[in-house]
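Undergrad: Give me coordinates for this.
(6 chains, ligands or ions: 6)
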Amino acid sequence: MTQAYLLTIIGEEVLENVIEKDIMALGAKGFTVSKVTGRSQSSVRDNPWDGENIRIEIITSEEICLKIVQHLKDKYLERYPMITFFHPVTVLRMQHFY
Amino acid sequence: MTQAYLLTIIGEEVLENVIEKDIMALGAKGFTVSKVTGRSQSSVRDNPWDGENIRIEIITSEEICLKIVQHLKDKYLERYPMITFFHPVTVLRMQHFY
Amino acid sequence: MTQAYLLTIIGEEVLENVIEKDIMALGAKGFTVSKVTGRSQSSVRDNPWDGENIRIEIITSEEICLKIVQHLKDKYLERYPMITFFHPVTVLRMQHFY
Amino acid sequence: MLASLLSPMVLAFLLGIAAARLKSDLKFPEGLYTSLTIYLLVAIGMKGGYKLSLATFDEVIYPAIGAVSLCCIIPLWTYGLMRKVGKFSVADAAALAAHYGSVSAVTFSAALAFHENLKIEVEGFMPSMLAMMEIPAILIGITLARINSDSVVEQTPVKEVARELLAGKSSLLLMGFLVIGFLAGKGGWEQVSPLFDVPFKGILTLFLLEAGLVAGRKLSDLKKGGVFLLAFGIIFPIIHATIGISLGQLAGLGMGGATVLGILAASASYIAAPAACRVALPGANPSYYLTSALAITFPFNIIVGIPIYHQIAEMIYH
Amino acid sequence: MLASLLSPMVLAFLLGIAAARLKSDLKFPEGLYTSLTIYLLVAIGMKGGYKLSLATFDEVIYPAIGAVSLCCIIPLWTYGLMRKVGKFSVADAAALAAHYGSVSAVTFSAALAFHENLKIEVEGFMPSMLAMMEIPAILIGITLARINSDSVVEQTPVKEVARELLAGKSSLLLMGFLVIGFLAGKGGWEQVSPLFDVPFKGILTLFLLEAGLVAGRKLSDLKKGGVFLLAFGIIFPIIHATIGISLGQLAGLGMGGATVLGILAASASYIAAPAACRVALPGANPSYYLTSALAITFPFNIIVGIPIYHQIAEMIYH
Amino acid sequence: MLASLLSPMVLAFLLGIAAARLKSDLKFPEGLYTSLTIYLLVAIGMKGGYKLSLATFDEVIYPAIGAVSLCCIIPLWTYGLMRKVGKFSVADAAALAAHYGSVSAVTFSAALAFHENLKIEVEGFMPSMLAMMEIPAILIGITLARINSDSVVEQTPVKEVARELLAGKSSLLLMGFLVIGFLAGKGGWEQVSPLFDVPFKGILTLFLLEAGLVAGRKLSDLKKGGVFLLAFGIIFPIIHATIGISLGQLAGLGMGGATVLGILAASASYIAAPAACRVALPGANPSYYLTSALAITFPFNIIVGIPIYHQIAEMIYH
Ligand SMILES: Nc1ncnc2c1ncn2[C@@H]1O[C@H](COP(=O)(O)O)[C@@H](O)[C@H]1O
Ligand SMILES: Nc1ncnc2c1ncn2[C@@H]1O[C@H](COP(=O)(O)O)[C@@H](O)[C@H]1O
Ligand SMILES: Nc1ncnc2c1ncn2[C@@H]1O[C@H](COP(=O)(O)O)[C@@H](O)[C@H]1O
Ligand code: NA
Ligand code: NA
Ligand code: NA
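TA: Ligands and ions are numbered 1, 2, ... in the order given. Here you go, the predicted model:
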C-alpha cells in the first residue's frame, strides 16, 4: 500500500474530451468520470439547457497531480466554471497509477 | 494553493432542495450534486419506489463546514436516513470557496 | 465527531452484487453506489457495450477497511479491472458505521 | 376473471415478481421509470380532460362529491384503526391513512384497461376523479399527525405542505393535462392521441413489469409488516371498493364508472403519498406504508382485486 | 390565433412555465431530455430527406440560396447592433450573433404543427433548409470574435471548429437522416414513419413541457439581460421573420413554406450554438445568450410569434 | 441487395459508424440504450409467443431440434479452432466459443425486417428459436474453460452460472414475454401491438444508430484482434449460416425461416455472452471477443451478411 493523490476536477460537460486528452498527455494512467450537477455564485449547472457538469477523478503521483493542476490553472480555471482539488489517499498496486 | 474542507452529505433525494437552501444560507459558496444509491442496516435506497439518494459535496472553510455539520445534526441526522463526513483537501483559487 | 475511513472501490458494474455481498459479510454497515465511467491503459469502460463501472464507497473502521482491501486484493484486483483506495474522514454518529 | 389474469399487463407484473424472486439482474434504468411515470400521468390527464370537455356539469358533479367524500373519510377511519387496533405510532398511522386515502394512477389505468377488454363502458371523465382524489387524504393524514402528536418536530405549515403537494409532479401533470385536454378539445386530442392513447396499454405493460420487480423484492419485507398489515392491505381495499361502487351508483355512474370509483377508493398511493410523507412525517417508517401499499394492496388489486370488484359491481347493479 | 394558443404543444409549454414558477418538483430525467432531442432531430431529418427525394432541383435551389443568405446576414447585423447599441463585449456580441443567426429545431417543429392544424401546405423539403441554416451563423459568430478581439485566447483554428460543428450531434443527426431519408425513399419511410411521423406531435408536446420548465426558471434572469435584450429578443425575430417570408416568396415558396422560412430566420439556436460557444467563446456570458434565446425569443415565437408571422405572411401573399 | 443496403436500419448503422469515425459528440444516454434493449427483447418475445400460440407442435419441434444442435456444436468447433489454429488461451477461446455459439437479438430483428421488406414469409415462431439458442452455448463455453484449465480460479458451480444466465435480463425478458405472448393470445397481442409491433422498425433504426457508434469506435481495435480474428469473424458466420439454412430446410422450414435460422447461427451474442464471460471468465480478454463480435461479425452480418445468406438460401431452395 502506497500513498498517492486523488485529484478531482469538476467542470463543464462539453470540456470532457479535451480535459481527458490533456490529463493523459500529462502522465495520468487512467481516470474515472461521473455526471454531476452543481451551483455556485456564478454558475447554474443543473439542467441540460444550461449544461451540466462532469467530475473527473485521477489517482496519480504528487508530481503529476501538481503538473495537471498547473495546467488546469493556465488553460481553464479563469475562463470556465471549473474547480479542482486534491488530497492524499492510500492505494494498492501503485504501479497501476504512476 | 490553500487548505479547505470537503464536506459530503448523503441523504434522501426528496430533501435535495431544502438542504441546498440551508447550506447556502449557512455560508457555502457552491456545491456539487450527484445521484447515488445506497444501503445500510436501516435503509434500502436503490430504486425509485423506495427513493434514491443524493450526494451533496461542498468545499468550504473549516468554520462553515462545522456550522453546516452542526445544523445537519440538529435538523436531519436523527430523523432521516442521512450521513455526513468531511476531510481536508487542497484547493486552488480559495476566494472561490470562502 | 470521530475518525473513520472512507474506502472507495471502482470496478465493473457486473460485479456490483457480489462485491456488495462480500463487504457486508466483512462487517461494513452500509455503502453508497454511483455509476461512473472510466478509462485506463488497460480498460475502456465508458459505454454500455464494453460495460461501465460503479463506484462503491464505504465508511468504516480502519480495521474493517483493511480487511476489505485484503479481500479485494485476493479475490478481484488481479483478475478484473478494478481499483481501490482509502483515506481518513471525520464522521458524526460513529455508531452508525462500526 | 381468467381473461383478466391473462392480460399482458397482469402477466408482465407477475413476470416482474418472478424475476425479482429469481434475483434476476433485470433492472429498469431510473430515467425509464420516471419517463414511464410522466407518460402515464400525461396520457391519463390529457384523455380525461378531453373527455371531460364532452361531459355536462350535471353528469360530473355528483360523482365528484362522492369521490371527494371517499378520500376524506377513508383516512379518518384508517387512522383510527391503525392507532387503536394496529397499535401503530401516530406518525405511522397517519402515513398509512394518507396512502390508503389517496389513489394509484397505475391501478386506475389497469382498471380502465380491464373494462376496455370486457367492452364495458366507463365514463370518460373518470380521470378527473383520480386527480381530485390524490391530494386531500395526504393533507388529512399529515394534519392528523400534527394534531395528535405533542412533539411536532416538522414545523412546515400545512398550507405550505398543500402548496407543495399541488405543485408536486404527479398532481401537476395530472391536473395540468386535464386542463390542457379540456382546452385543446377534439382537435388537440387527435394531434396527440397517437402517442398518448394508441400505445397506452403497451406502456402500461412495461410499467407493470417494473412495478412487479419492486413488488417482488418487497415480498420479503412482508413479515416486517406483520399479519395485521397483511390482513388490512387486503380486506380494507375490498371494503373501500364496495363503498366506492355503491357511492358511484348513488351518484348516477354506470356500472363501469362505479367500479372504477370503487377501485380508486381501494387503491393506495405510491407516488405522491410516499414523497410527501418522507418530508412531512419523517418519523413514519417506510417499511410499513411502502410494504403494505406496494407489496400487498397494489399486487392484490392488479391481480385479483379488479376482477373481484367487478363481480361486486355486477351484484350491486343487477 | 386562439386555436394556436390552445394547441397541446403551446399549452404544455405554458404548463411547464407555470410549473417552474410554482417551484414544482417536476423534472425530466436527463436521459429523457436527450432522448427526445435525438428523436426530434432524427424524425425531422428522415421525413425531410424523404420529401426532398420527391422534390426537383429547381424547386429547392432558390429557397436554399435564400436560407443560406439569411443565416449569413443575420449574424452580421446582430453583431453590429450588439456592439454599437447594446454595448456588449466582443465575445457576448459574437455569441448572440451565432445564436440568432442559427435556428431552433423545436420552433421549426412547432411551426410545422401549426400549419398542419390550419391545413396550410408547407413544402416537404423545408427540413433541409433547417439543416443548412444551423451551422454557418455559428462559424460567422466565432470568426467575428476572433477578428475583433486582440486577446484571442482560444487558439482552435476555425477549420477545426467547423469540423466539430459538422460532427456535432444536432447537425450530424439532422444531415445524416436527411441523407438516409433521401436514400431510403418511400419504402424506407413507410417502415419507420409509425415511429418518426405518427407520434411526432405527442413527442413535441412532451419536449415543450420540458422546454417550458427551463424557460420558466430562466424568467427570473430576465432582468440580468436588461430591457435592451428583452426588446431585441422580441423585435428582431419579427424583423427577421418578415425578411424571411419575403425572401421565401421571392424564391418561389408557397405561403406555408415562406412562413416557415421566416420562422427559421426568427428562431434562435438552443442546442448547437450554446455548445459551440461554451467551447469557442468561453468569455461570452451564458446569461445573455441563453436568457435571450431561451427565456425571451423561444417562448415569444412558440406562443405568439408563429401566429403573428402567419398573419404577416397572409398580408405579404394577399 | 442494394435495397437492403438502403434500408433505414442499415443506413442508420452506417451513419453511426461514420459519426464515430468523425469523433462526433453524439452519444446515446445510457438509459436510452438500456430502454431500447428492453423494448426489443420484450417486443420480439411477445410477438414470438403470440405466433407460437398459432403454431402446431409438429411445425415447431424439428426446427427446435435443429436450433439447439447448432448452438451446441458451434461452440465446440469454435473452441477447437481458436486453441489449435488461433493459439488463443483457454479462457479466450472459451469466451469466443460462447459468443459465436450464442445469438444476437438485433441481428435477428434486422433479418426479420429484411424479409418483411422483400415480402418473404418467415415462420412466426422463430423468436422461440432465438430464445432457445441464447444460453446453451454460453454454458458450453464456460464448461470448456473449466475442463481445460488447471488453474480454475472461478469456483462458481456451473449450476449456479446456469441459474444466473436463465435469470439474466436478456433471457428472462425473451422467455418471459414468449410465455406472456403465448398465454395472452390474440386478444392480448392486439392490446400491445401498437407499441410492440407497429413502431418496431423505427426503434430498431435508433438502436442500430447506437450500435454503429460503438462498432465505429471499435474499428480502431481491429488490429488488436489480428488478421486471424478478422478472417474468422467473416468466414465462420458464412459457414454457420449455410449449415443453419440447410438444417432449417431439413427441419421443414420455409426459405424465410431457414434463412433466419442461418442468420441466428451466423450471429454472435453481444448482451448475454459478454456479461456472463466477465463474471465467469475474467481471464478472457474483452478486446478479442467484443472486437470480433461487435466490430467484425455484427457489422458484416447487418450490412452484407444478411443479403448474402439470402442468396445462399435461394441457391439451396431452388
Ligand atoms: N464551493 C463549492 N463546493 C462544491 N462544488 C462547487 C463549489 N463551487 C463550485 N462548485 C462546482 O464547480 C462548478 C463550477 O463552479 P464555478 O467555477 O464556481 O462556477 C459548479 O457548477 C459546481 O458544480
Ligand atoms: N457505512 C456507510 N458507508 C457508506 N455509505 C453509507 C454508510 N451507511 C449509510 N450510507 C449511505 O447513507 C444513506 C443513509 O444511511 P442511513 O442513515 O444509515 O440509513 C444510505 O442509503 C447510504 O447511501
Ligand atoms: N489512475 C486512475 N485514476 C482514476 N481512476 C482510475 C485510474 N485507473 C483506473 N481507474 C478506474 O478504474 C477502472 C479499472 O481500471 P483498470 O483496472 O486500470 O482497468 C477504470 O475503468 C477507471 O474507472
Ligand atoms: Na384509496
Ligand atoms: Na435565426
Ligand atoms: Na451464433
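Undergrad: Tell me the residues on chain A that lie near ligand 3, please.
TA: Residues of chain A lying close to ligand 3 by CB under 6 Å from any ligand atom are A:Ala28, A:Lys29, A:Gly30, A:Phe31, A:Thr32, A:Glu57, A:Ile58, A:Ile59, A:Thr60, A:His96, A:Phe97. For every residue, glycine as well, the C-beta is placed using N, CA and C.
Undergrad: Now, those that are in strands?
TA: Counting by DSSP state E, the part of the residues of chain A next to ligand 3 found in strands is A:Gly30, A:Phe31, A:Thr32, A:Glu57, A:Ile58, A:Ile59, A:Thr60.
Undergrad: Find the pair from the residues you listed with maximum spatial separation.
TA: Pairwise distances across these peak at 12.0 Å for A:Thr32 and A:Thr60 (criterion: CB to CB).
Undergrad: Just the buried ones among the ones in strands among the residues of chain A next to ligand 3, please.
TA: A:Gly30, A:Phe31, A:Thr32, A:Glu57, A:Ile58, A:Ile59, A:Thr60 (16 or more other CB atoms under 10 Å in any protein chain shown).
Undergrad: Run through the helices of chain A in chain order.
TA: A:16-25, A:62-72 (DSSP state H).
Undergrad: Mind listing residues that contact the last one?
TA: What that stands for is helix A:62-72. If you take CB atoms under 8 Å, 6 or more residues apart in numbering or on different chains as the criterion, helix A:62-72 is touched by A:5, A:7, A:9, A:19, A:22-23, A:26-28, A:58, A:60, A:82, A:84, A:86, A:98, B:1, B:92.
Undergrad: how far off helix A:16-25 does that helix point, in degrees?
TA: Interaxial angle of helix A:62-72 relative to helix A:16-25 (axes from the mean of the first three to the mean of the last three CA atoms, to 10 degrees): 140 degrees.
Undergrad: Now D:Ala268: phi and psi?
TA: Backbone torsions of D:Ala268, given as degrees, to the nearest 10, read phi -120, psi 140.
Undergrad: how close does it get to ligand 1?
TA: Separation of D:Ala268 from ligand 1 (CB to the nearest ligand atom, to the nearest Å): 38 Å.
Undergrad: need the ones in strands among the residues of chain A next to ligand 3 in JSON lines with distance to E:Leu281, can you?
TA: JSON lines is the format used below for these (distance: CB to CB, whole Å):
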{"residue": "A:Gly30", "distance to E:Leu281": "32"}
{"residue": "A:Phe31", "distance to E:Leu281": "27"}
{"residue": "A:Thr32", "distance to E:Leu281": "30"}
{"residue": "A:Glu57", "distance to E:Leu281": "28"}
{"residue": "A:Ile58", "distance to E:Leu281": "28"}
{"residue": "A:Ile59", "distance to E:Leu281": "34"}
{"residue": "A:Thr60", "distance to E:Leu281": "32"}
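Undergrad: what about stretch D:161-175, start to end distance?
TA: For stretch D:161-175, the separation between the terminal residues is 18 Å (CA to CA, to the nearest Å).
Undergrad: So what does the closest residue to ligand 6 within chain D have for phi and psi?
TA: The nearest approach of chain D to ligand 6 comes at D:Asp25, 22.3 Å away (CB to the ion). Here is the backbone geometry of D:Asp25 (degrees, to the nearest 10): phi -90, psi 10.
Undergrad: show me where pLDDT drops low in chain A?
TA: Within chain A, no range satisfies pLDDT under 70.
Undergrad: from it, which residue is nearest to chain C?
TA: Nearest to chain C in chain A, going by CB to the nearest CB, is A:Gly30, at a distance of 3.0 Å.
Undergrad: Bridge partners for that residue, pull those for me.
TA: Taking DSSP bridges as the rule, A:Gly30 bridges to C:Ser40.
Undergrad: what sits against it?
TA: A:Ile58, A:Ile59, A:His96, A:Phe97, C:Gly38, C:Arg39, C:Ser40, C:Gln41, C:Ser43, C:Ile83 are the contacts of A:Gly30 under CB under 8 Å, 6+ apart.
Undergrad: thought the first one was touching A:Leu6?
TA: If I follow you right, that is A:Ile58. Yes: if you go by CB atoms under 8 Å, A:Ile58 and A:Leu6 touch, sitting 7.4 Å apart.
Undergrad: Can you check which residues contact both of those two?
TA: In contact with both A:Ile58 and A:Leu6: no residue, using CB under 8 Å, 6+ apart.
Undergrad: What is whichever strand or helix holds D:Ile147 packed up against?
TA: Take DSSP states H and E as the rule and D:Ile147 turns out to sit in helix D:136-148. Secondary-structure packing of helix D:136-148 (3 or more CB pairs under 8 Å, 6 or more residues apart in numbering or on different chains; DSSP states H and E): helix D:57-84, helix D:90-101, helix D:158-166, helix D:272-280.
Undergrad: From the structure, what's the count of residues near residue 4?
TA: Went with chain A since none was named. For A:Ala4, the count of nearby residues is 23 (other CB atoms under 10 Å in any protein chain shown).
Undergrad: was after chain D, sorry
TA: D:Ser4: 20 surrounding residues under other CB under 10 Å.
Undergrad: Which residue comes closest to it once chain neighbours are left out?
TA: Distance criterion CB to CB, 6 or more residues apart in numbering or on different chains; nearest residue to D:Ser4, sequence neighbours excluded, is D:Pro307 at 4.7 Å.
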